[in-house]
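S.K.: Take this sequence and fold it.
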Amino acid sequence: YDNEIPSFVATEIDRLYQHLGCSLSNFSVIKKLAGASTYVARKGAVIVTVLLFRRERDQVTVLSEFIRLDQAAVQLFANTMFNKFSAVRMVSFNKIHTEVRRMPYPYQSVNCTEDIVVMLPPTVRQYQDQLGKNMRRNIKRYGATLQQDFPSYHYQVYVEQQVSEADIRAIIKLNRSRMADKKIVSRIDEEETQWIVQLVRQCGIVGVATIDGRVCGGAIGFRIGENYFMHVIAHDPVYNSYSLGILCYYLTICEGIVRGGKRFHLSWGRYEYKYRLLGETVDIAQLRL
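M.R.: Residues are numbered from 1 along each chain as shown. Down below sits the predicted model:
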């Protein structure tokens with residue numbers, strides 16, 4: 001579908017890949033769809049691959065990111081692009097999960113980032129049992145001590161339209177403050193804040209920690225299909241000794257399990273605490289053919 005995104009595409013992309021990196025919910029908010037075309041592969045009547053791409057001069061760039069494709073699907077897409085568009089000399093996937101071993105074209109595949117993913121069991125109890133002994137003990141101790149020292153402490157998870165923009169902005173403000181303490185400029189500017197607010201209203205899940213009614217920590221994420229995606233985690237450094245950030249992570253993951261999630265994506269960044277929460281590394285590559 002040259003220079004077109006058919007109406008059925010949004011639903012099919014979420015069904016096939018269930019990832020924020022390729023969902024039209026995300027793309028439409030960040031206005032990444034200008035000039036996009038759509039590739040659809042079917043096996044019989046069943047759609048098996050949907051990719052958004054942009055063609056510029058002699059190159060095709062796949063806009064869909066963090067997708068999982070096997071070698072056959074990658075090769076069929078490349079074959080189609082090279083055969084249909086005679087001027088095209090390169091096909092690029094900027095972020096893809098695949099294992100390409102052999103191709104009829106020169107190609108380069110380089111790991112460029114990762115996706116840390118927690119595979120969610122059916123129940124919170126099973127998740128707790130899978131955590132390391134120290135992690136289980138620390139979570140229990142931190143939560144109990146925080147509640148004891150601050151009786152008004154409360155953690156509540158909201159979804160989509162339930163989430164207030166004030167809570168979103170309060171969590172982002174805490175994130176900026178923590179980054180500033182580390183002499184780091186937060187990536188979350190006003191434009192990204194507005195993107196977060198809009199996307200939360202469509203598919204958001206937000207955990208809010210309060211003490212005496214004031215937001216002191218929280219987690220902002222999104223849901224696509226059976227998958228959850230953590231985007232912002234933050235807490236007031238006053239509560240560092242209670243590991244409030246880890247508690248926000250843990251409690252939001254547990255809420256994802258209760259709501260029937262199958263995976264919780266903790267995004268890139270190989271931080272030790274993500275692995276203690278049972279995250280596993282999925283390598284994401286840049287692939288050029």
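S.K.: in the sheet, who's paired with Phe229?
M.R.: Phe222, His265 (DSSP bridges).
S.K.: Quick one: residues contacting it.
M.R.: Listed by CB atoms under 8 Å, 6 or more residues apart in numbering, the contact set of Phe229 reads 19-20, 221-223, 264-265, 267. Just so you know, the C-beta spots here come from the backbone N, C-alpha and C atoms, and that holds for glycine as well.
S.K.: would you list the residues you listed in a markdown table and tack on distance to Ala78 and neighbour count?
M.R.: Formatted as a markdown table, these follow (distance: CB to CB, whole Å; neighbours: other CB atoms under 10 Å):
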| residue | distance to Ala78 | neighbour count |
| --- | --- | --- |
| His19 | 21 | 23 |
| Leu20 | 25 | 24 |
| Gly221 | 34 | 27 |
| Phe222 | 31 | 23 |
| Arg223 | 32 | 22 |
| Phe264 | 32 | 27 |
| His265 | 27 | 24 |
| Ser267 | 29 | 18 |
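S.K.: ok, of those residues, which one's closest to Met103?
M.R.: His19 (23.8 Å; CB to CB).
S.K.: Ile13: neighbouring residues, count only.
M.R.: Neighbour count of Ile13, defined by other CB atoms under 10 Å: 25.
S.K.: Quick check on it: phi, psi?
M.R.: phi -60, psi -50 (degrees, to the nearest 10).
S.K.: Give me the nearest residue to it, chain neighbours excluded.
M.R.: Val50 (5.2 Å; CB to CB, 6 or more residues apart in numbering).
S.K.: Okay, and the beta partners of that neighbour?
M.R.: Going by DSSP bridges, Val50 forms beta bridges with Val40.
S.K.: That one and Thr11: what is the separation?
M.R.: 10 Å (CB to CB, to the nearest Å).
S.K.: Skipping adjacent residues, who's closest to Phe27 in space?
M.R.: Leu33 (5.3 Å).
S.K.: I misspoke; the intended subject was Ile220.
M.R.: Nearest to Ile220 is Val232, by CB to CB, 6+ apart, at 4.1 Å.
S.K.: Could you look up the SS state of that neighbour?
M.R.: strand (DSSP: H, G, I helix; E, B strand; the rest coil).
S.K.: For Phe222, see how far away it is.
M.R.: 11 Å.
S.K.: would you list every one of the strands in this structure?
M.R.: 37-43, 46-56, 59-62, 67-68, 90-97, 108-119, 154-159, 204-211, 214-224, 227-235, 263-265, 279-288 (DSSP state E).
S.K.: export those strands to a markdown table and tack on mean pLDDT and distance to Tyr249?
M.R.: A markdown table is the format used below for these (pLDDT from 0 to 100; distance: least, CB to CB, whole Å):
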| stretch | mean pLDDT | distance to Tyr249 |
| --- | --- | --- |
| strand 37-43 | 96 | 36 |
| strand 46-56 | 96 | 31 |
| strand 59-62 | 96 | 31 |
| strand 67-68 | 94 | 24 |
| strand 90-97 | 96 | 23 |
| strand 108-119 | 95 | 10 |
| strand 154-159 | 96 | 11 |
| strand 204-211 | 97 | 9 |
| strand 214-224 | 96 | 6 |
| strand 227-235 | 95 | 6 |
| strand 263-265 | 96 | 9 |
| strand 279-288 | 96 | 10 |
